[in-house]
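# Compute the structure for the input listed below.
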Amino acid sequence: MPHTWHHVSPKRRLRSFSPNAFHASTARNRPQTVQDEPDRDVLAAEAVRWWPEDFPLGFHLQDNIPQFLEEGRWREIVEGALRQWSAIPSAEISLRLAPGLTPSPDDDGEFGDGADASDGRFTIGWLPDDAGVGPLAYAVLTWTDRLRLTSCDIVFVAGTFQQLAEAGATPSELERTVRTTILHEVGHCLGLNHTEPAPVWQGPHPDLPGTSDVTLPVAPGFRPDTVMSYALSRPLRLSEDDATGVSLLYPAPGFLESRGAVAGDVVRGSDPSLFAYVQAVYPGAEPRLGPGAYAGKTGHFRLSGLRPGPVLLWIHPLLIHGPVAQSVLLGDIYLASRDPDSLDIQDQWQWVRIEAGTVVGLPASEVVTGRSQ
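Residues are numbered from 1 along each chain as shown. Just a heads-up that it's a prediction; the model follows:
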């Protein structure tokens, strides 16, 4: 029996909103599972994914391109996004864009938005200006009971871009948003879920021993978030977390053997700290953020795909909460975002040494009440 998943709600949920709402959520990444239960170790065998013989995936541009975007430039942007994902050396994937344009369906497709899982094509198209506003774009995926992805259509919402333009966004700003958004939605088509935003990184507390070489400067243009972040401070290039997430789903030979993992529990007193986020930070002259993972309903987490060597684990609460959380967080993670206790924890840091081919088991990481500022 086929299954369908919208990255966000389809057309009937579009509504009027302030464009600033997209920028209010400030900026990680594991493969999407059908059950959406972060308690489970998310391995390629458990995740919704394409099978090796499905590649290369071929996408088709629909002919409903909005007026603010020239066809040739739109094609260049989409081709650039597909090339970035295809170029990840640790993942065996290949994505292509078919020549020409495919007609958008007269009846608006199976889901009322031009997306049609039964047409045999993976399309990238636009809802017209008069369809309303909502998310910038969303992906519609279908898969089988055997967890094999069978289709993915990407739908952009032209009315939202029009509202951004009316609010003062320049043509270059609109194009940048188009570029980061298509890169993000292609990640959903590959089976990746949203990742947690990164607070502006200023390094751990100065009294924490051994962290002087981890501080990242807060500089203009510094974007710590990943492409798969649910924030709009996404970069134009794939981050290490993005590459690691897709490589866990479609590993190139030797990738899994060359990486390690860490597992443990996040607790607050005697209770689990539900859906705290565990972020890897690689130290060095130019420290960088690595993969991240949510702790589950029992407080347990497993962070895979880590490079061997010293890694600083940065534990922090969910950053997004309130009504907007429902559109970007799934299942139990969204419910946790409505619980003030799950949000009210201070950041915590812990060093760990990763070894290739092994899973490091950690004692419980205890967090305390009082959200870090």
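
# Output the below-cut-off pLDDT ranges for the protein.
By pLDDT under 70, the weakly predicted segments of the chain are 1-46, 106-114, 117, 198-224, 285, 319-343, 370-373.

# Domain-wise, how is it divided?
Annotated domains of the chain cover 3-189, 240-366 [automatic domain parsing].

# and of these, who's closest to Tyr230?
Comparison of the domains of the chain against Tyr230 by C-beta to C-beta identifies domain 240-366 as nearest, at 3.8 Å. All C-beta atoms are positioned from the backbone trio N, CA, C, and that covers glycine.

# Now Cys189: phi and psi?
Cys189 adopts backbone torsions of phi -60, psi -30, taken as degrees, to the nearest 10.

# The residue nearest to it when sequence neighbours are not counted pairs with what?
Counting by C-beta to C-beta, 6 or more residues apart in numbering, Cys152 is the residue found nearest to Cys189 once chain neighbours are left out, at 3.8 Å. Judged by DSSP bridges, the bridge partners of Cys152 are Leu141.

# Also the one 5 residues further on?
With beta bridges defined as DSSP bridges, Val157 has these partners: Leu127.

# if I look at it, how far off is Gly284?
From Val157 across to Gly284, the span is 40 Å (C-beta to C-beta, to the nearest Å).

# With neighbour numbers in mind, choose between the two.
Neighbours per residue, other C-beta atoms under 10 Å: of Val157 and Gly284, the larger number sits with Val157, 26 against 11.

# where do the helices sit along the stretch 101-250 of the chain?
Applying DSSP state H, counting those that start in this stretch to the stretch 101-250 of the chain gives helices spanning 158-166, 171-189, 240-249.

# tell me what the second one is packed against?
Spelled out, it's helix 171-189. Contacting helix 171-189 under the criterion 3 or more C-beta pairs under 8 Å, 6 or more residues apart in numbering; DSSP states H and E are the following elements: helix 71-86, strand 137-143, strand 149-157, helix 158-166, helix 240-249.

# Let's see that with 10 Å instead.
Helix 171-189 sits against strand 57-62, helix 71-86, strand 122-127, strand 137-143, strand 149-157, helix 158-166, helix 240-249, with contacts defined as 3 or more C-beta pairs under 10 Å, 6 or more residues apart in numbering; DSSP states H and E.

# Just list the residues touching the residue nearest to Cys189, thanks.
5, 7, 50, 57, 59, 115, 117, 122-124, 139-143, 185-186, 188-191 (C-beta atoms under 10 Å, 6 or more residues apart in numbering).

# Drop anything exposed from these.
Among the contacts of Cys152, those classed as buried by 16 or more other C-beta atoms under 10 Å are 5, 7, 50, 57, 59, 115, 117, 122-124, 139-143, 185-186, 188-191.

# Can you show me the CA trace of stretch 175-187 as PDB?
Once non-C-alpha atoms are left out, stretch 175-187 reads as follows in PDB (Å, rounded to 0.1, in the frame of the first residue of the first chain):
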ATOM      1  CA  GLU A 175      16.700  34.700  -6.000                       C
ATOM      2  CA  ARG A 176      18.800  33.700  -3.000                       C
ATOM      3  CA  THR A 177      15.700  32.500  -1.200                       C
ATOM      4  CA  VAL A 178      14.800  30.400  -4.300                       C
ATOM      5  CA  ARG A 179      18.300  28.900  -4.400                       C
ATOM      6  CA  THR A 180      18.400  27.900  -0.700                       C
ATOM      7  CA  THR A 181      14.800  26.600  -0.900                       C
ATOM      8  CA  ILE A 182      15.300  24.300  -3.900                       C
ATOM      9  CA  LEU A 183      18.400  22.900  -2.300                       C
ATOM     10  CA  HIS A 184      16.400  22.300   0.900                       C
ATOM     11  CA  GLU A 185      13.500  20.600  -0.800                       C
ATOM     12  CA  VAL A 186      15.700  18.300  -2.900                       C
ATOM     13  CA  GLY A 187      17.100  17.100   0.500                       C
END
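
# change the start of the numbering to 10 and stick with it
Yep, numbering from 10; the last one is stretch 184-196 now.

# Test my guess that Met202 contacts Gly254.
Met isn't right for residue 202; it's Asn. Yes - taking contacts as C-beta atoms under 10 Å, Asn202 lies within contact range of Gly254: 8.6 Å.

# Between those two, tell me which one has more neighbours.
For Asn202 versus Gly254, neighbours defined as other C-beta under 10 Å are more numerous around Gly254 (34 against 27).

# Hmm, the more buried one is touching His197, no?
No - using C-beta under 10 Å, Gly254 is not in contact with His197; the gap is 11.3 Å.

# now Phe77, what's its secondary structure?
coil (DSSP: H, G, I helix; E, B strand; the rest coil).

# and what of Gly366?
The assignment at Gly366 comes out as coil when based on three-state DSSP.

# Check the gap between it and Leu321 for me.
Separation of Gly366 from Leu321 (C-beta to C-beta): 21 Å.

# Who has more neighbours out of those two?
Neighbour comparison, Gly366 and Leu321: the larger count goes to Leu321, with 22 against 11 (by other C-beta under 10 Å).

# The closest residue to the more buried one other than its chain neighbours sits in which helix or strand?
Distances taken as C-beta to C-beta, 6+ apart place Val290 nearest to Leu321, at 4.3 Å, with adjacent residues excluded. Val290 belongs to strand 286-291 when elements are defined using DSSP states H and E.
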